[in-house]
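K.L.:
have a look; sequence and predicted model below, questions after that.
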Amino acid sequence: MIHYTWWTNEMEQYLIDNYRNHGDKQLAQMFEDKFPKSFKWTLKHIEKKRHYMKLKRTSAEVHKIRSDNNKDGRQYKSWLKRNKGNNGEVRNWGGKFFIKIDGKWIPEHRYRVGAVTGEVVRKHEGTLVVIDRKSNQKLNSEIRANRHPELKLTIKALNQLKKIIYGKENTRPQGNSF
């Protein structure tokens, strides 16, 4: 097997001299400036060469590199960027739309119809209507009472199957439609 190497002694020495004080991404940028080539230096080039040369950093060196990167703004904590929306911004999460109001993400349809805590948004004759929870329970019980007898039997059989499959507590996985 023929092994081609394009790393010069000068490049290897530069890596040895700098790997303890700089991260691999930063080293790739430094190599891009000092040793330009036809294709760009990447993090993987540096990682792989360090691995071949058995150049390992101590945990203290890794900690110093990370803290330096945080100070320079090269590395950020992802949770600082998440959920950073402006008031009134609408986002689509899994097919459902949410709007940010007073620092909280709420379902957009609830906001559009003016629902407050304890109220339910229901579709009635093609429009969204806000009702309280008691009225919602009453409507649901009326719907159940007016079901076709065969549908009632089917639902009852399905619930019995669920108890057999998942146990009496009915602890099935979240989001399971069975």
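P.N.:
Arrived safely, thanks for sending. Numbering: from 1, shown residues only.

K.L.:
how far is stretch 23-39 from where the chain is centred?
P.N.:
Centre-to-centre, stretch 23-39 and its host chain are 31 Å apart (CA atoms, centre = their mean, to the nearest Å).

K.L.:
buried residues in that stretch?
P.N.:
By neighbour count on 16 or more other CB atoms under 10 Å, the buried set for stretch 23-39 is Gly23, Asp24, Lys25, Gln26, Leu27, Ala28, Gln29, Met30, Phe31. Heads up, the C-betas are built off the backbone N, CA and C, glycines and all.

K.L.:
now stretch 58-68: buried residues?
P.N.:
If you call a residue buried by 16+ other CB under 10 Å, then stretch 58-68 has these buried ones: Ile65.

K.L.:
name the residues that touch it?
P.N.:
Arg20, Asn21, His22, Gly23, Arg57, Gln75 (CB atoms under 8 Å, 6 or more residues apart in numbering).

K.L.:
how distant is the helix or strand harbouring His63 from the center of its chain?
P.N.:
For His63, the element it lies in under DSSP states H and E is helix 59-72. Helix 59-72 has its C-alpha centroid displaced from the chain centroid by 25 Å (CA atoms, centre = their mean).
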